[in-house]
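J.: Okay, predicted coordinates and the sequence, questions at the end:
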Amino acid sequence: MSKKIILDVDTGSDDAVAIMAAILSPDIQLEAICSVVGNKDLDKTTENTLRVVELMGADVPVYRGCRTPFAKWLSSDHIVPDRRECKAKDGDKVIMIHEDYLDIPAASIKEQEIRAVEFYVKYLREASEPVTIVAVGPLTNVAAALLVDETIVDKIEEIVIMGGGYNITNTTPSAEFNIWQDPEAAQRVIHCGAKVTIVPLDATHAACITLDDCKRFREIGTVSGNFAAELCEQRIFVHNAAQPLDVPDAAAVHDALCIAYLIDPTVLKDVRHAHVDIGFRDYSEGQTIVDCRYYTEDKNCYYAFDGDRFKFADILCDLFARDLKRR
Ligand code: BDR
Ligand code: CA
């Protein structure tokens, strides 16, 4: 039986791959997609999300989420998304890890009238069976919904979060981007009482996608395979210049790994049940503090320290091959 999920995104190059993977998986029933400010401002992440849904010809409702993080945007040193981008130069051309707009046709489909937080509360209150939330952007929408009605947690089977890093960070020396963007929201969500699985940079960098994998995606000959190859190559170019991985010519495609985990949980390795908290202040702002001491009580998260890159690439290939749209 397929798993009902709600996907929360800040689309984004790797979010786009995750959306395509979720739409194509027979193991997943994608109930809705919610956008949130993160990689780009809310208008762009919403438009990009609609673009991918339309490209895939999918009938999935898109809900516009929160425009700002919980508390951070009130501080004077809050950096707006467009000013802290990871990028690399190709001659005179600047290649971003996330372009403002995905390079596919502008969306003609529209978002839903109600907003994402309202949707979460209404949907979960009325749900007759539990649903899995896969949050691959900042956790603002999910935390806001839990603040409005904390009892909705009873309808959540699992929350899968792309975020955090124990041995690897990408935004400050102590923080990964999704958690750093809204630390208060992240802390609220990981302590909500639902089963929480964290897919951090430790796992997404291990389960990286290489140029050879991109070749395989393209050879499949489908719209999704081709677009995923383009997005991953863009990410590899920037990773090579800005944050090279141990594997040569490779990039983390973080968000899509969460979808792969739903299809085959063994794509995550060294998953430890641990107590996790989020840092809020100074050097620890947005840090995922993972207590790996074996005797620790109050374990609130499953935290993946590793990932299987060969399995991940095979899962993506299988999904892109299911796409009926030929390029
Ligand atoms: C996360 O931040 C975003 O840039 C990506 O889409 C991913 O969700 C990685 O740190
Ligand atoms: Ca993302």
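T.: Arrived safely. Note that the structure is predicted; figures quoted are calculated from it, not measured. Ligands and ions are numbered 1, 2, ... in the order given.

J.: how about stretch 177-191, does it reach ligand 2?
T.: No. Figure legend: stretch 177-191 not in contact with ligand 2 (C-beta under 5 Å from the ion); closest approach 6.3 Å. Backbone N, C-alpha and C define where each C-beta goes, glycine included.

J.: max-length helix in the protein?
T.: helix 223-242 (DSSP state H).

J.: Against which helices or strands is that helix packed?
T.: helix 13-24, strand 87-90, strand 93-96, strand 209-210, helix 211-219, strand 250-251, helix 309-322 (3 or more C-beta pairs under 8 Å, 6 or more residues apart in numbering; DSSP states H and E).

J.: ok, of the ones you listed, where does mean pLDDT dip lowest?
T.: Ranked by mean pLDDT, the helices and strands packed on helix 223-242 bottom out at strand 87-90, with a mean of 79.

J.: Distance check, D212 against I179.
T.: 31 Å (C-beta to C-beta, to the nearest Å).

J.: The two: which has the busier surroundings?
T.: With neighbours defined as other C-beta atoms under 10 Å, D212 and I179 compare such that I179 has more, 30 against 10.

J.: Does anything pack onto the helix or strand hosting the more buried one? Which helices or strands?
T.: Under the criterion of DSSP states H and E, I179 resides in helix 177-181. Contact here means 3+ C-beta pairs under 8 Å, 6+ apart; on that basis helix 177-181 packs against no helix or strand.

J.: residues making contact with whichever helix or strand comes after that helix?
T.: Sequence-wise, the next helix or strand downstream of helix 177-181 (DSSP H and E) is helix 183-190. For helix 183-190, the external contacting residues (C-beta atoms under 8 Å, 6 or more residues apart in numbering) are 69-72, 135, 138-140, 142-144, 146-147, 159, 161, 163, 175, 178-179, 196, 198, 276-280, 285-286, 300-301.

J.: what residues are up against the residue of the chain found nearest ligand 1?
T.: Nearest residue of the chain to ligand 1, counting by C-beta to the nearest ligand atom: F177, 3.8 Å away. By C-beta under 8 Å, 6+ apart, F177 lies in contact with 38-39, 163, 170-171.

J.: let's see it at 7 Å
T.: 170-171 (C-beta atoms under 7 Å, 6 or more residues apart in numbering).

J.: And the pLDDT for it?
T.: Confidence score, pLDDT, at F177: 95.

J.: Equivalent analysis for the one 10 residues further on, please.
T.: In the prediction, the pLDDT value recorded for Q187 is 98.

J.: Check D77 too.
T.: 62.

J.: T169 too?
T.: With respect to pLDDT, T169 has a value of 95.

J.: Confidence-wise, which helix or strand of this protein is lowest on average?
T.: Among the secondary structure pieces of the chain, namely its helices and strands, strand 87-90 has the lowest mean (mean pLDDT, DSSP states H and E), a mean of 79.

J.: can you give me the offset of it from its chain's centre?
T.: 23 Å (C-alpha atoms, centre = their mean, to the nearest Å).

J.: before we move on, back to that, need the helices and strands packed on helix 223-242 in CSV with distance to K3, can you?
T.: As requested, these are exported to CSV (distance: least, C-beta to C-beta, whole Å):
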stretch, distance to K3
helix 13-24, 10
strand 87-90, 36
strand 93-96, 33
strand 209-210, 23
helix 211-219, 24
strand 250-251, 27
helix 309-322, 15
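
J.: Reformat those as JSON lines; add distance to ligand 2.
T.: Formatted as JSON lines, the helices and strands packed on helix 223-242 follow (distance: least, C-beta to the ion, whole Å):
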{"stretch": "helix 13-24", "distance to ligand 2": "4"}
{"stretch": "strand 87-90", "distance to ligand 2": "17"}
{"stretch": "strand 93-96", "distance to ligand 2": "14"}
{"stretch": "strand 209-210", "distance to ligand 2": "15"}
{"stretch": "helix 211-219", "distance to ligand 2": "19"}
{"stretch": "strand 250-251", "distance to ligand 2": "14"}
{"stretch": "helix 309-322", "distance to ligand 2": "16"}
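
J.: of those, which approaches A260 most closely?
T.: When the helices and strands packed on helix 223-242 are compared by C-beta to C-beta, helix 309-322 sits nearest A260, at 4.5 Å.

J.: what's the angle between the closest one and helix 223-242?
T.: 150 degrees (axes from the mean of the first three to the mean of the last three C-alpha atoms, to 10 degrees).

J.: is ligand 1 contacted by stretch 33-49?
T.: Yes. Stretch 33-49 lies within reach of ligand 1 by C-beta under 6 Å from any ligand atom, at N39.
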